[in-house]
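[1] Give me a 3D structure for the following:
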Amino acid sequence: MKAKKEFTVADYLLTRLKQLNVTEVFQIPGDYVKHFTQALEDFNGIETIGTTNELDASYAADAYARTRGLGAVSLQYGVSTFSALNAIAGAYVERSPVVVISATPGSDARQIGSMYNVLYHHSTGNLNADQEVYERVTVAAETLSTSVGAPEKIDKLLIAALTYQRPVYIACYKEVWGEPCPKPPAKKLQAEIIKSEPAALDNAVTQAWTQITQAKKPIILAGVELLRHDLTNQLEKLIKESGMLYTTTSLGKTVLDEKGDKFIGTYSDQASIPEVISLVEGSDCILSLGTIITDDYLWLVENKFSDMIQATTQEMRVGYFTYNGVTLKDFIEALTERFKLAAVYPLKVVAPPQPKFPEPWRSNSDPKYDATPEVITFNRFFEHTVSFLEKQKMLDKIVMTYGVSTSMYVATNIYGLSKNAYISSAAWQCIGFETGAASGAQLGSGKQAWTVAGDGGFMMIAQSLSTLARYNINSVIFVMSNGVYAIEQVYVDMDAFKPGPSHKFDAFDILPKWDYQALAKAFGANSYRAETVTELDEVLLKLKKKTNLPSLVEIVIPEKDLARQMKRLGEE
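    Modelled structure (predicted):
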């Protein structure tokens with residue numbers, strides 16, 4: 001008779017994760033963390049997703065957290081955790097609650113190391129280095145040297161991740177993951193409820209109300225924190241009671257379902273469509289809720305600072321007045337109550353009509369190629385792809401992922417996506433995020449991931465295609481194959497995009513040539529290639545047929561294609 005398996009510290013963490021609907025953990029194995037990985041392999045209800053490298057695992061865990069509410073990645077000490085640092089920093093910046101799980105040399109190794117001056121593998125010599133580094137990109141970090149108190153410490157870390165919607169780091173001495181531990185209660189953990197200081201809340205709302213009611217063209221700028229902190233219902237009520245039009249930041253795109261007559265389109269500075277730019281820049285009161293204001297929005301803060309009400313989890317500001325002790329949730333709800341009681345609200349204003357196809361793509365396509373309509377440009381790609389998705393009624397069935405690229409900015413012009421269907425690295429601005437994120441986005445959301453990657457970004461994390469194939473995840477990866485870091489060249493010297501041999505890209509922005517079809521075959525994925533608009537349309541029809549494998553689609557575009565969205569951004 002097989003002995004009953006002892007419940008361990010690893011089992012405790014896994015049980016808590018399962019209670020929070022984490023049903024996949026992304027993993028890179030290692031000897032220090034073997035007790036956790038062995039427990040994970042045997043744990044009922046959570047699948048191990050073994051990835052090809054640490055960035056693949058961590059980008060995936062990040063996208064999973066953005067779609068599921070919490071994600072987890074298991075890593076080896078030192079060499080593995082440090083490799084994942086870039087991805088976790090992005091999760092920290094963009095408010096994604098990833099649980100980073102690791103293990104360190106155990107008690108015996110520490111004693112031997114101290115006695116004999118032995119440098120243990122994967123160690124810098126400072127055995128606390130992992131935690132010290134991760135303390136900079138997490139809201140809580142802990143290394144457990146014993147199983148005593150482990151349940152309380154694990155719970156505290158998970159509550160911090162849920163409360164602040166940012167990563168946490170937990171490691172154990174090597175042996176501790178396998179030590180006995182009590183089972184957790186059946187009740188799942190919840191975010192801490194932080195309440196506002198009543199006087200500060202009243203003052204902030206009163207000042208904001210004064211500013212809003214005096215404005216002739218108020219507008220709501222919605223950000224990603226509303227999605228992360230489950231405040232989208234509150235946003236919908238505020239829009240309903242106020243009648244105000246709303247836009248979103250690039251990172252906050254699809255904070256709500258993009259339907260209805262109050263959504264004007266996503267505001268991505270000069271990458272936006274003209275109607276959106278006009279309405280935002282013409283507003284005399286911008287109610288900015290849950291936004292992360294990056295340098296993509298410098299014009300906004302430099303020209304509209306006094307007209308902005310900036311309410312986030314980090315800041316509460318009305319014009320030049322700042323308030324401490326006011327939560328984003330309480331502020332939105334209190335402001336909504338003001339609108340309910342005011343006779344002049346809701347406003348009757350409606351958003352301008354959405355651009356009529358083939359806009360906004362046709363006018364934003366690089367005019368160098370007007371005479372060659374079969375050439376695929378960035379905007380022609382989106383013109384045909386979005387049209388296909390609309391006609392096939394697929395916009396509600398996919399989740400899109402983007403790293404920083406020309407495509408990310410062009411894609412902000414899309415209308416009609418469903419809630420939380422646009423995942424991007426718009427704040428951290430990481431090239432390569434999109435391909436690694438595909439598996440996590442699809443597993444977390446249950447929707448098919450459609451990823452649009454620059455070829456430079458794809459080259460950084462191409463092995464993610466192997467992970468998708470291994471687990472039969474049928475994501476679609478489009479590689480915009482122009483052979484250059486186009487977005488980089490825009491900000492280095494935009495003259496390189498001018499016609500003629502005298503205008504050249506800088507050598508550091510030239511990419512090697514890859515055979516994408518051969519690469520897809522090596523990884524076990526489907527592969528397609530489109531060099532003309534006609535071929536693109538044919539490929540899109542083929543993608544409608546579902547398989548159990550990922551599809552890599554090379555989209556051949558000219559090296560010097562300069563999307564008008566990027567041209568306007570580069571000229572600022």
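
[2] how about low-confidence regions in this structure?
    For the chain, applying pLDDT under 70 flags the ranges 1-4, 109, 112-113.

[3] could you point out the longest helix in it?
    When the chain is parsed with DSSP state H, its longest helix is helix 198-214.

[4] buried ones in it?
    A200, L201, N203, A204, V205, Q207, A208, W209, Q211, I212 (16 or more other C-beta atoms under 10 Å). Using the backbone N, CA and C atoms, a C-beta is placed for each residue, glycine as well.

[5] same check, this time on stretch 485-495
    So, applying 16+ other C-beta under 10 Å, buried residues of stretch 485-495: Y485, A486, I487, E488, Q489, V490, M494.

[6] Pull the residues that contact that stretch.
    404-406, 431, 454, 456, 496-497, 503, 505-506, 508-509, 511, 559, 561-562, 566-567, 569-571 (C-beta atoms under 8 Å, 6 or more residues apart in numbering).

[7] Endpoints of stretch 362-378, how far apart?
    10 Å (C-alpha to C-alpha, to the nearest Å).

[8] which residues are contacting that stretch?
    379-380, 383, 406-407, 410, 413, 480, 499, 530-534, 536, 555-558, 560-565.

[9] quick one: which of these sit in strands?
    Using DSSP state E, M480, A530, I555, V556 are the members of these that sit in strands.

[10] Against T37, how distant is the first one?
    Translated: M480. 37 Å (C-beta to C-beta, to the nearest Å).

[11] And for the last one?
    Spatial separation of V556 from T37 under the definition C-beta to C-beta is 42 Å.

[12] So these two - more neighbours on which side?
    T37 (24 against 19; other C-beta atoms under 10 Å).

[13] Tell me which two in the buried residues of stretch 485-495 are the farthest apart.
    Y485 and M494 (13.2 Å; C-beta to C-beta).

[14] Make CSV out of the buried residues of helix 198-214 and add distance to S551.
    Output for those, formatted as CSV (distance: C-beta to C-beta, whole Å):
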residue, distance to S551
A200, 53
L201, 51
N203, 55
A204, 50
V205, 50
Q207, 53
A208, 48
W209, 52
Q211, 50
I212, 48
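
[15] So I101 sits against Q76, correct?
    No: with contacts counted by C-beta atoms under 8 Å, I101 stays clear of Q76, the gap being 10.4 Å.

[16] which residues do these two both contact?
    Joint contacts of I101 and Q76 (C-beta under 8 Å, 6+ apart) are V33.

[17] number of nearby residues for E281?
    E281 has 15 neighbours, counted by other C-beta under 10 Å.

[18] Hmm, I typed the wrong one, I wanted R470.
    Neighbours of R470 (other C-beta under 10 Å): 16.

[19] which element follows the helix or strand encompassing F478 toward the C-terminus?
    Taking DSSP states H and E as the criterion, F478 maps to strand 476-481. Next along the chain after strand 476-481, taking DSSP H and E as the criterion, comes helix 486-492.

[20] And stretch 148-167, what's buried?
    Using 16+ other C-beta under 10 Å as the test for burial, stretch 148-167 gives 150-151, 153-155, 157-167.

[21] tell me which of these is nearest to W450?
    Nearest to W450 among the buried residues of stretch 148-167, with distances taken as C-beta to C-beta, is Q165, at 24.9 Å.

[22] how about the closest one, phi and psi?
    Dihedral pair for Q165: phi 50, psi 50, per degrees, to the nearest 10.

[23] Identify the residues contacting the residue lying closest to it once chain neighbours are set aside.
    Leaving aside its sequence neighbours, Q165 sits nearest to R228 (C-beta to C-beta, 6 or more residues apart in numbering; 4.1 Å). Contact partners of R228, counting by C-beta under 8 Å, 6+ apart, are R66, R95, S96, P97, Q165, G290.

[24] tell me the contacts of N324?
    Counting by C-beta under 8 Å, 6+ apart, the residues that N324 touches are E197, A200, M316.

[25] Quick check: the gap between it and L55.
    Distance of N324 to L55, computed by C-beta to C-beta: 38 Å.

[26] Check E142 too.
    For E142, the distance to L55 equals 24 Å [C-beta to C-beta].

[27] So for the two, which residue has more residues nearby?
    In this view E142 and L55 are compared by other C-beta under 10 Å, and L55 has more residues nearby, 23 against 19.

[28] hang on, isn't that one packed against G436?
    Yes: the pair L55 / G436 is scored as a contact, 5.8 Å apart, by C-beta under 8 Å.

[29] Quickly list what's touching both of the two.
    Joint contacts of L55 and G436 (C-beta under 8 Å, 6+ apart) are A87, I461.

[30] Need the residues that contact the strand holding F478.
    Strand 476-481 is contacted from outside by 378, 381, 385, 405-407, 435, 438, 448-455, 458, 465, 468, 516, 543, 550-557, using C-beta under 8 Å, 6+ apart.

[31] try it again with 6 Å
    Contact with strand 476-481 is made by 407, 435, 450-455, 458, 543, 551-557, as judged by C-beta atoms under 6 Å, 6 or more residues apart in numbering.

[32] And it, how far out from the chain middle?
    In terms of C-alpha atoms, centre = their mean, to the nearest Å, the centre of strand 476-481 is set 18 Å apart from its chain centre.

[33] same deal with stretch 219-234?
    With C-alpha atoms, centre = their mean as the basis, stretch 219-234 stands 15 Å off its chain's centre.

[34] all helices of the stretch 101-250 of the chain, in order?
    Assigned by DSSP state H, counting those that start in this stretch, the helices in the stretch 101-250 of the chain fall at 107-116, 129-134, 150-164, 198-214, 224-228, 232-242.

[35] could I get those helices as a markdown table with distance to D261?
    Formatted as a markdown table, the helices of the stretch 101-250 of the chain follow (distance: least, C-beta to C-beta, whole Å):
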| stretch | distance to D261 |
| --- | --- |
| helix 107-116 | 64 |
| helix 129-134 | 45 |
| helix 150-164 | 34 |
| helix 198-214 | 20 |
| helix 224-228 | 20 |
| helix 232-242 | 10 |
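
[36] Between these, which one is closest to T15.
    Proximity of those to T15 was assessed by C-beta to C-beta; the nearest stretch is helix 150-164, lying at 9.8 Å.

[37] Just the C-alpha atoms of that closest one, please, in CSV.
    C-alpha atoms of helix 150-164 as CSV (Å, rounded to 0.1, in the frame of the first residue of the first chain):
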residue,chain,number,x,y,z
ALA,A,150,5.2,29.6,6.5
PRO,A,151,1.4,29.7,6.1
GLU,A,152,1.1,33.2,7.6
LYS,A,153,4.0,34.5,5.5
ILE,A,154,2.7,32.9,2.3
ASP,A,155,-0.8,34.3,2.9
LYS,A,156,0.6,37.8,3.6
LEU,A,157,2.5,37.8,0.3
LEU,A,158,-0.5,36.6,-1.7
ILE,A,159,-2.7,39.2,-0.1
ALA,A,160,-0.1,41.9,-1.1
ALA,A,161,-0.2,40.7,-4.7
LEU,A,162,-4.0,40.9,-4.8
THR,A,163,-4.2,44.2,-3.0
TYR,A,164,-1.6,46.1,-5.0
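
[38] by contact count, what packs against it?
    Here helix 150-164 touches helix 9-19, strand 140-144, strand 168-173, going by 3 or more C-beta pairs under 6 Å, 6 or more residues apart in numbering; DSSP states H and E.

[39] out of the ones you listed, deepest packed?
    Using mean count of other C-beta atoms under 10 Å, the stretch among the helices and strands packed on helix 150-164 with the greatest mean number of neighbours is strand 168-173 (a mean of 26).

[40] Now do that strand: distance to the chain's middle.
    Distance, stretch centre to chain centre, for strand 168-173: 23 Å (C-alpha atoms, centre = their mean).
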